[in-house]
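In: A predicted structure for the sequence below; I have some questions about it.
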Amino acid sequence: MTLPFFVYGTLRPGEPNHEVFLRGRTLKEEPATLVGALLYDGPGYPYVVEEPGAQVRGELITARPEEYAELLRTLDRLEDYAPGDPRNLYERVEREVLTGSRPVRAWVYVAAPAVAARLRTRGNLIESGDWALRL
């Protein structure tokens, strides 16, 4: 299944990992919102924790078709995600995001359950829901 990626932290345009991992590999980058999530500082990098009634701002990234398979593998490695691995820090899940008022299905890296539980009790919430406004 080929889906765009919702990025909300260091992979957003202007952030360091965008330059390293996404530059030249995308067809389209547009502002988007993930509804039903909170944003936490890792520190140094963010985590999305699913939570009704909240929202996170980011970008919807559409990969070039010829780059998609390798980009998916690269982003999974960057996020330390392996399907079914209980040591994952993130899980890659399919979620609906909004670009304007248009819903789009996308891959989102969310905090794995154990990480999410820790963040809910002791995490540093980014109240704006926007990594770019965290400082």
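Out: All right, it came through fine.
In: elements contacting the longest strand along the chain?
Out: If you go by DSSP state E, the chain has its longest strand at strand 46-63. Helices and strands touching strand 46-63, by 3 or more C-beta pairs under 8 Å, 6 or more residues apart in numbering; DSSP states H and E, are strand 5-7, strand 26-41, strand 90-99, strand 102-111, helix 113-122. Backbone N, C-alpha and C define where each C-beta goes, glycine included.
In: the shortest one pairs with which strands?
Out: For strand 5-7, the pairing partners within the sheet under DSSP bridges are strand 46-63 (antiparallel), strand 102-111 (parallel).
In: before we move on, back to that, what average pLDDT does the longest strand of the chain get?
Out: Mean per-residue pLDDT for strand 46-63: 96.
In: pLDDT weak spots in the protein?
Out: For the chain, the stretches with pLDDT under 70 are 43, 135.
In: re earlier: so which bits of the longest strand of the chain are buried?
Out: Within strand 46-63, the residues that count as buried by 16 or more other C-beta atoms under 10 Å are 46-50, 54-63.
In: same question, stretch 5-13
Out: F5, F6, V7, Y8, G9, T10, L11, R12.
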